[in-house]
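*Asks:* A structural model of the following input is requested.
(one chain, ligands or ions: 1)
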Amino acid sequence: MKIGIVGAGVGGLSAAIGLSFLGHDVDVFERAPDIRTTGAGFNLWPNAGRAIYGLGLRKPFDKIAVKLDSYIELDTEGRKLFSTDTSQWPEKYGAPAVGLFRPDLARTLGDAAGLDRIRFDHDVVSVESAGQKAICRFSNGEVYEADVLIGADGINSATAFVNLVSVFALTNWPAYGAFSATEAACLSAAQSLRAELRPGGVKVVNVFFGPLETEWYQAVPPPKLAPAALARSVVQALQQGLEDVFVGDIAEDIRARLAVNPKALERELGS
Ligand SMILES: Cc1cc2nc3c(=O)[nH]c(=O)nc-3n(C[C@H](O)[C@H](O)[C@H](O)COP(=O)(O)OP(=O)(O)OC[C@H]3O[C@@H](n4cnc5c(N)ncnc54)[C@H](O)[C@@H]3O)c2cc1C
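*Replies:* Model prediction:
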């Protein structure tokens, strides 16, 4: 498949390495003139390290990364708030907690992705679908066509803004009352953002989900949603151009019951 990736940051370069490894024909477009050479210290947890190992970069990564044996949080006065021993994390989690120099990481990923496949000075100004193809236009007037286009253009992505939000943003679940209230605020902000971004052609996707199969929800009884299923739904929503998506049985159930009788649902959640 021919795949275009917008952005040569950590995400875009990692995707390029993985997809090339799988045999796809990958092009990366970056608006900056070169691979990122600025930045300071950067911490990565074992999940990131394991992903980098999975891309076949264990050797170069271990060379630039310094293993951290403890993690300490201080308040603004320098008093210790929290500390944890991370020395056993490689055995426990498959990779160490590390500190590294951000430009070293960018260079390592850039070299592995292949600098010749990164087109620098290419600022994407619009993306559109044309049948089975994705078309991408640049500020210099060039046009690129691919089977799939991946937006990895960072936190201010021009491609899509995805908001993962608990379905309890829509109706408060008193067992997690304050959490539900913050999710409701988050949903409200996303709706405002959607209105603000629409004229610029930027989509805001709300993906509503119920309790997940994660540590945070361990006290909640099943059914729970696997994080991988949530991730798949995000991709589907983006592919289908959806704005609001409900993922899993709980989220779907709440959506349906809110449509029928919101007061009954409120009473039931509060009982
Ligand atoms: C001060 C600071 C400290 C941080 N420290 C840590 C840390 O210690 N550990 C950690 O895990 N995370 C840290 N983060 C978060 C981390 O930097 C981000 O999560 C990560 O960089 C996201 O990677 P990305 O590839 O999605 O986006 P980015 O790294 O932002 O890359 C996006 C790329 O897309 C390019 N681009 C944007 N728009 C366009 C366009 N229209 N056309 C073409 N190219 C475009 C940009 O130039 C950029 O190169 C920190 C963030 C900040 C701001």
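*Asks:* Buried ones in the helix or strand R232 falls within, by neighbour count?
*Replies:* If you go by DSSP states H and E, R232 is part of helix 227-240. Going by neighbour count (16 or more other Cβ atoms under 10 Å), the buried part of helix 227-240 is 230, 233-234, 237-238. No exception for glycine: its C-beta is placed from N, CA and C like everyone else's.
*Asks:* and after it, which helix or strand comes next?
*Replies:* Per DSSP H and E, the first helix or strand lying C-terminal to helix 227-240 is strand 244-247.
*Asks:* partner strands of that next one, parallel or antiparallel?
*Replies:* Here strand 244-247 is paired, per DSSP bridges, with strand 203-209 (parallel).
*Asks:* and the stretch 101-250 of the chain, which residues reach the ligand?
*Replies:* 123-124, 152-154, 158 (Cβ under 6 Å from any ligand atom).
*Asks:* And these, which two are furthest apart?
*Replies:* The distance between the two most remote of these (Cβ to Cβ) is 14.3 Å, for D123 and A152.
*Asks:* The two - which one has more neighbours?
*Replies:* Each of D123 and A152 has its neighbours counted (other Cβ atoms under 10 Å); A152 has more, 21 against 15.
*Asks:* Would you list the phi and psi of the more buried one?
*Replies:* Main-chain torsions, A152, degrees, to the nearest 10: phi -120, psi 40.
*Asks:* which ones are touching it?
*Replies:* By Cβ atoms under 8 Å, 6 or more residues apart in numbering, A152 lies in contact with 5-7, 9, 11-12, 15.
*Asks:* overlap between the residues you listed and the residues near the ligand?
*Replies:* Within the contacts of A152, those near the ligand by Cβ under 6 Å from any ligand atom are 6-7, 9, 11-12.
*Asks:* Of those residues, just the buried ones, ChimeraX syntax please.
*Replies:* Applying 16+ other Cβ under 10 Å to the ones next to the ligand among the contacts of A152, the buried members can be selected in ChimeraX as follows:
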select :6,7,9,11,12
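*Asks:* count of residues packed around L225?
*Replies:* Neighbours of L225 using other Cβ under 10 Å come to 21.
*Asks:* And for G141?
*Replies:* The tally of other residues near G141 (other Cβ under 10 Å) stands at 7.
*Asks:* Could you do the one 5 residues further on as well?
*Replies:* For A146, the neighbour count with other Cβ under 10 Å is 19.
*Asks:* So the nearest residue to it once chain neighbours are set aside: helix, strand or coil?
*Replies:* Sequence neighbours aside, G4 is the residue nearest to A146 in space, at 4.1 Å (criterion: Cβ to Cβ, 6 or more residues apart in numbering). Put simply, G4 is strand when judged by DSSP: H, G, I helix; E, B strand; the rest coil.
*Asks:* so who does G4 touch?
*Replies:* Per Cβ under 8 Å, 6+ apart, neighbours of G4: 26-29, 134, 136, 144, 146, 148-150.
*Asks:* One more: P221?
*Replies:* Not one residue lies near P221 by Cβ under 8 Å, 6+ apart.
*Asks:* For it, give its distance to the ligand.
*Replies:* 33 Å (Cβ to the nearest ligand atom, to the nearest Å).
*Asks:* so is that residue in a helix, a strand, or just coil?
*Replies:* Three-state assignment for P221 (three-state DSSP): coil.
*Asks:* tell me the pLDDT at the residue of the chain found nearest the ligand?
*Replies:* Taking Cβ to the nearest ligand atom, the ligand has its nearest neighbour within the chain at G9, 2.0 Å off. Here, the pLDDT recorded for G9 equals 92.
*Asks:* Now do the contacts for the residue lying closest to it once chain neighbours are set aside.
*Replies:* In space, and not counting its chain neighbours, G9 is closest to G154: 5.7 Å by Cβ to Cβ, 6+ apart. Neighbouring residues of G154 by Cβ under 8 Å, 6+ apart: 7, 9, 11.
*Asks:* Could you confirm G154 falls within a helix?
*Replies:* No: checked against three-state DSSP, G154 lies outside a helix; its state is coil.
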